[in-house]
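>>> Sequence plus the predicted model coming up.
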Amino acid sequence: MRLLIVEDEEKLAAFVAQGLEQQGFAAEVVLDGDEAMTRLERQTYSLVLLDLMLPGRSGVELLRWLRQRGETCPVMILTSRDGVEDRVQGLDAGADDYLVKPFALSELLARVRALLRRAEQRPPVRMEVADLRLDLEARRAFRGTKELALTPREFELLEYLLQHSPAVVSREMLARDVWRETSRFTPIHNVIDVQIARLRRKVDDPFDRRLLQTVRGVGFALREEKE
Ligand code: CA
């Protein structure tokens with residue numbers, strides 16, 4: 001599991017990272033808010049440890065931005081300011097827990113484990129392939145930071161393809177599971193092809209990397225093209 005530590009006190013960040021790594025986690029450290037944003041755009045983390053007072057974007061700004069884009073990973077605030085105000089602001093912005101500095105490493109590790117356990121028990125609320133991301137609760141789709149304007153049917157189709165990714169989905173599967181068409185004689189394949197073409201215009205055409213692949217004679221797959 002990959003964890004991100006956003007903390008401008010280098011020694012503290014290194015100390016926490018080391019503690020997490022000893023527990024078998026991969027821990028990355030960023031020292032300012034802007035770099036944290038870049039990292040979070042590129043990579044999914046199982047948990048984020050977030051200082052509130054940061055150079056660049058503040059922890060609260062970062063947290064609001066993260067939650068606005070549908071990111072549900074657990075976030076624990078680390079703050080030296082033990083004012084109630086800050087904590088409330090952080091929790092309101094979408095933090096799951098907080099720890100006041102200075103803290104014992106053992107307490108931090110225990111809370112990290114608790115948050116990860118809780119997160120595992122939640123049903124999946126997002127799915128992703130490359131930079132394509134679906135927020136299943138809000139029914140919103142993104143490529144990178146750009147939101148895709150999809151119809152409910154297009155969303156459902158994309159969700160189905162993502163569930164099976166990187167495997168190929170046949171037209172028969174789509175007819176049965178997305179269109180819920182059970183009759184063998186309904187000529188629905190054209191409808192599917194038209195819908196796939198429309199989806200491709202939104203999901204792939206404006207972007208560099210193509211994700212929605214046609215596998216001739218078999219069906220469709222959502223995955224990165226092999227070079
Ligand atoms: Ca700080």
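Perfect, thanks for sending it. Here the structure is a predicted model, which means the values were calculated and not measured.
>>> roughly how far apart are residue 114 and residue 74?
Counting by Cβ to Cβ, to the nearest Å, the gap from residue 114 to residue 74 is 9 Å. In short, each C-beta sits where N, CA and C put it, glycine included.
>>> now swap in residue 105 and tell me
Distance, residue 105 to residue 74, using Cβ to Cβ: 18 Å.
>>> what does residue 163 give?
The gap separating residue 163 from residue 74 is 24 Å, by Cβ to Cβ.
>>> neighbour count winner among these two?
Each of residue 163 and residue 74 has its neighbours counted (other Cβ atoms under 10 Å); residue 74 has more, 22 against 14.
>>> Next one: that one from the ion, what distance?
Separation of residue 74 from the ion (Cβ to the ion, to the nearest Å): 20 Å.
>>> How much space separates the nearest residue to that residue once chain neighbours are set aside from residue 197?
Excluding its sequence neighbours, the residue lying closest to residue 74 (Cβ to Cβ, 6 or more residues apart in numbering) is residue 115, at 4.1 Å. Noted for residue 115: a distance of 43 Å to residue 197, by Cβ to Cβ.
>>> Those two: which is more packed in?
A direct count of neighbours by other Cβ under 10 Å for residue 115 and residue 197 places residue 115 higher, at 19 against 11.
>>> Please list all residues in contact with that one.
47, 74, 76, 96, 97 (Cβ atoms under 8 Å, 6 or more residues apart in numbering).
>>> Swap in 6 Å and give it another go.
Counting by Cβ atoms under 6 Å, 6 or more residues apart in numbering, residue 115 touches 47, 74, 96, 97.
>>> again, but for residue 131
Applying Cβ under 6 Å, 6+ apart, the residues near residue 131 are 143, 144.
>>> Whatever residue of the chain ends up closest to the ion: how many residues sit nearby?
Using Cβ to the ion, the single residue of the chain nearest to the ion is residue 53, 3.9 Å away. Neighbourhood size, residue 53 [other Cβ under 10 Å]: 16.
>>> Am I right that it falls within a helix?
No - counting by DSSP: H, G, I helix; E, B strand; the rest coil, one finds residue 53 to be coil, located in no helix.
>>> And the pLDDT at residue 83?
For residue 83, the pLDDT comes out at 68.
>>> for residue 186, same thing?
For residue 186, pLDDT reads 62.
>>> For the least confident helix or strand in the chain by mean pLDDT, which outside residues touch it?
Least confident helix or strand of the chain, by mean pLDDT, DSSP states H and E, is helix 84-92 with a mean of 84. Helix 84-92 is contacted from outside by 52, 60, 77, 79, 98, using Cβ under 6 Å, 6+ apart.
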